[in-house]
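> no letters, just coordinates:
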């Protein structure tokens, strides 16, 4: 780790991105928009997940995670620079907004409140969020592009916190897709009851199958 003050190197990242997007910089970087960059943000996020799941205590694995986190940071700085080019906001606005939110949502750290458990912190966070963004329903704000299992998990979490039951399946669900959908949702309910992340569980099982195939354990004939 560097002897520099924490965050000092971030200024260099911002300067590099500014150079890439400025006249005389990189033509490809200069052409990008928020829309064109979306796919890279999604891809880089999943590569971070892969790196986290591959952590084994070795320096190589730690270096891989650091690199992948850097790629996600690049996307944040990139989007901020694109916005700055049209006079909307810049990376400092992003950072200031984040810092203010963290202070506001942690009154037990930056204020006079007390919290002894993680559950209490989460409950207070949700309460403050509801105050800041009133008239939001329990399912508002769940990203539409989350993978289906992760989105189902998030939905069930919101329903639980709101004290609402999982809506019953509509009568007359006769298609195979409907039946499979009900089975998958029931699996997410079971996962939550067991304290298991359903998305991570399925990823782990898929990796197990992949390893078996790669190792020559193909289907029997």
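That came in fine, so what should we check first? Every value quoted in this text rests on a predicted model; they were computed, and no experiment measured them. Numbering: from 1, shown residues only.
> who are the packing partners of the longest helix anywhere in the chain?
Within the chain, and with DSSP state H defining each element, the longest helix by residue count is helix 59-85. Applying 3 or more C-beta pairs under 8 Å, 6 or more residues apart in numbering; DSSP states H and E, one finds that helix 59-85 makes contact with helix 8-21, helix 34-53, helix 91-105. Any C-beta I mention is one placed from the backbone N, CA and C, and that applies to glycine too.
> quick check: pLDDT value at the residue most central in space within the chain.
Computing the C-alpha centroid of the chain and ranking residues by C-alpha atoms, centre = their mean puts residue 45 first, at 7.1 Å. We have a pLDDT of 94 for residue 45.
> need the residues that contact the helix or strand where residue 184 lies.
Per DSSP states H and E: residue 184 is located in helix 176-193. With contacts defined as C-beta atoms under 8 Å, 6 or more residues apart in numbering, helix 176-193 is touched by 148-149, 152-153, 156-157, 160, 166, 169, 173, 197-198, 201.
> buried ones in that helix?
185, 187-188, 191-192 (16 or more other C-beta atoms under 10 Å).
> give me the residues contacting stretch 73-84.
With contacts defined as C-beta under 8 Å, 6+ apart, stretch 73-84 is touched by 10, 13-14, 17-18, 21, 29, 32-34, 37, 40-41, 44, 89-91, 93-94.
> got the buried residues of helix 176-193 as CSV, with pLDDT and distance to residue 136 columns?
Formatted as CSV, the buried residues of helix 176-193 follow (pLDDT from 0 to 100; distance: C-beta to C-beta, whole Å):
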residue, pLDDT, distance to residue 136
185, 92, 23
187, 94, 28
188, 94, 23
191, 94, 26
192, 93, 22
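> before we move on, the earlier item: any of the contacts of stretch 73-84 buried? List them.
By neighbour count, with 16+ other C-beta under 10 Å, the contacts of stretch 73-84 hold 14, 17-18, 21, 32, 41, 44, 90-91, 94 as buried.
> would you mind giving the secondary structure of residue 112?
Taken by DSSP: H, G, I helix; E, B strand; the rest coil, the conformation at residue 112 corresponds to coil.
> check residue 25 too.
On the three-state scheme (three-state DSSP), residue 25 is labelled coil.
> test my guess that it contacts residue 19.
Yes. Between residue 25 and residue 19 there is a contact under C-beta atoms under 8 Å: 5.4 Å.
> report the distance from the longest helix of the chain to the chain centre.
14 Å (C-alpha atoms, centre = their mean, to the nearest Å).
> how close does residue 166 get to residue 159?
Plainly put, residue 166 is 6 Å away from residue 159 if you go by C-beta to C-beta, to the nearest Å.
> same thing with residue 93?
To residue 159, residue 93 is 34 Å away according to C-beta to C-beta.
> now do residue 91
Taken as C-beta to C-beta, the span from residue 91 to residue 159 is 36 Å.
> then residue 53?
28 Å.
> who's more crowded, these two?
The residue with more neighbours, out of residue 53 and residue 159, is residue 159; 15 against 12, by other C-beta atoms under 10 Å.
> that one in helix, strand or coil?
helix.
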